Structure formats: structure tokens, C-alpha cells
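Visitor: Sequence and predicted model, in that order:
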Amino acid sequence: QRLREDAIRKIKSLRGMLRAQPARLKNASKDGFTSVRLALESLHAVMEAAEQDVEMRQDVEGAMSDARVAASHFCEQPGREQAARNALKNFQLEHITPVLLEGQLLDRLPEL
């Protein structure tokens, strides 16, 4: 029972660091990334201790999966931004780069 309560608390804490679908870091910074990484490590320990509790393992796995997606997205952001800068330059639209950066849209340019 105590393990389940600990898992629930840690899952809520981790989910509090993430935005909903698609999973993204609320604090998109190195500090935010580090917090999520530490929470993942903590949940991994809970997962190992919860070998017999299938339901709890599924809850932990879901939270961990969302956190991994958010962390990967954060780590890949510089590459996406550079690709967007190159595309804008190729179309002679690099003058709109600052506006897209300000609106946090530059790395999402391929999605738009």
C-alpha cells in the first residue's frame, strides 16, 4: 500500500512537469529537463519494486513514456530550429525568424 501511494505521488509530480498531449516539458530549459530526468530515475526505482502490481506498473510506464517523449522533444529542439532557419533562408524568409522565435514557433515550422 505504501509503495502504491509513493508511486501515485511520484507520477503526479512527474505529470505536473509535463504539458498534456503531445507531452512536452512545462519548463523547457536545462533545469526542467534535469527535473524530469530525476523524476524518471525515481519512478524507475518504483517500477522495479512493483514487480507484482500490474496496474501500478502500467500507470508508471505511461507516465515514464510521456516523460521520455517530452525529454526527447526538448533535446531535439535545437536541430529542428536549425533546420527551420535553413529552410527560411532557402526561401529568403530569414527576416521572420525573430518573430517565430519569439512566438516559440520556429522549431514547430515543419508542423505548421
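Guide: Thanks, I have the structure now.

Visitor: buried sites along stretch 97-104?
Guide: Neighbour-count burial for stretch 97-104, counted by 16 or more other CB atoms under 10 Å, picks out 97, 100. To be clear about C-beta, it is placed using only N, CA and C from the backbone, and glycine gets the same treatment.

Visitor: how far out from the middle of the chain is it?
Guide: Centroid separation for stretch 97-104 versus its chain: 21 Å, with CA atoms, centre = their mean, to the nearest Å.

Visitor: which residues touch it?
Guide: 81, 84, 85, 88, 106, 109 (CB atoms under 8 Å, 6 or more residues apart in numbering).

Visitor: Next, work out how far apart the most centrally placed residue in the chain and residue 18 are.
Guide: Nearest to the geometric centre of the chain sits residue 70, at 1.5 Å (CA atoms, centre = their mean). Distance, residue 70 to residue 18, using CB to CB, to the nearest Å: 5 Å.
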